[in-house]
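> Fold the following, please.
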Amino acid sequence: MMGLIGRKIGMTQLFDEKGDAVPVTVIETGPCTVTEIRTSERDGYTALQLGFGTNKESRFSKPVLGQFKKRNLPASRHLREFRVGDVSEFTVGQTLKADVFTKGEFIDVEGTTKGRGFAGVIKRHGFTAGTASHGPTFGREPGSIGSSAYPSRVIKGKKLPGRMGGKSLTIKNLLVAGVDAEQHYILVRGAIPGPPNGLVYVLKRG
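Below is the predicted model of the structure:
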C-alpha cells in the first residue's frame, strides 16, 4: 500500500460549495526520500523504504549512518517501508511529495494516540460514578467484577483501570479535501490520531 511519512500540524476548517464549515486536519507529507527499494528477486516482496526528517549525524549509530553514506543520501530521522506493486518507476534518492495524493481521493492515516497514562474506568471506559449523596459510597470505583461459586474468578476482558492511549490507531476512508504540493501539505477531512507534530503514516487505498 503506497503512502508517505508525515507530520500532523493541527486542525482548521474549510468552507465547501454550500458554505458549510468542514473540519480538516493539516498534514505535512514529506518530502520523503526513497532510501531503499525491495524487489521480489532479492527480498521476496516489492516495497519502498522512505525516509522523512533530518537529525544530527551524531544521533545515528555507525551502521545506520553507513547505509545512508553508501547511497550518498542525507541521514533520515524516520524510516518506513510501504508495499508497492511495481517498483520499476522508482529510484533510490528520488523525492516523493504531497502531489502523490489528489483532492477527492480517500486515504488511511495511521498514528499513535495521545498517551493518557494510568486511567480509571470512568475516564478510560466511560463508566458512571456513584451519586454524591443518599446511598452509594463507591465513588469512582468500578465495583464488583468477579463471580461467586462458579467460576470463582474474574472473566478475562473485563473493563478495568489501566494504561490509556499511546497505541497505534488507523483511521480509514478519510477524504482528501485539498493538496498544497509547494508547502507539502494535504488537508484531510476529520480528525486523525496523535498530538500536533506527531508522526503519522498516510496510506493510499487500494
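
> For residue 186, give me its contacts.
With contacts defined as C-beta atoms under 8 Å, 6 or more residues apart in numbering, the neighbours of residue 186 are 6, 26, 27, 29, 98, 101, 176, 178, 179, 180, 202. All C-beta spots, glycine's among them, are computed from the backbone N, C-alpha and C.

> Which helix or strand contains it?
Secondary structure assignment for residue 186, by DSSP states H and E: strand 185-189.

> and that strand, which residues are buried?
185, 186, 187, 188, 189 (16 or more other C-beta atoms under 10 Å).

> can you redo these as TSV with pLDDT and distance to residue 136?
Shown next, in TSV, are the buried residues of strand 185-189 (pLDDT from 0 to 100; distance: C-beta to C-beta, whole Å):
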residue	pLDDT	distance to residue 136
185	94	51
186	94	50
187	95	48
188	95	44
189	95	43
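
> which one of the residues you listed sits closest to residue 17?
residue 189 (14.2 Å; C-beta to C-beta).

> Who does that closest one form a beta bridge with?
With DSSP bridges applied, residue 189 shows beta-bridge pairing to residue 24.

> Quick check: it touching residue 23?
Yes - the criterion here is C-beta atoms under 8 Å, and residue 189 meets it with residue 23 at 7.2 Å.

> Residue 109 and residue 42, how far apart?
Residue 109 sits 31 Å away from residue 42, going by C-beta to C-beta, to the nearest Å.

> Which one's more surrounded, these two?
More crowded of residue 109 and residue 42, by other C-beta atoms under 10 Å: residue 109, with 25 against 8.

> low-confidence ranges in the chain?
Along the chain, the model assigns pLDDT under 70 to residues 206.

> right, and the secondary structure at the residue nearest the centre of it would be what?
The residue lying closest to the centre of the chain (C-alpha atoms, centre = their mean) is residue 111, at 1.4 Å. Classification of residue 111 by DSSP: H, G, I helix; E, B strand; the rest coil places it in strand.

> What is the burial count for residue 125?
Residues lying near residue 125 (other C-beta under 10 Å) number 15.

> List the contacts of it.
Counting by C-beta under 8 Å, 6+ apart, residue 125 makes contact with residue 159.
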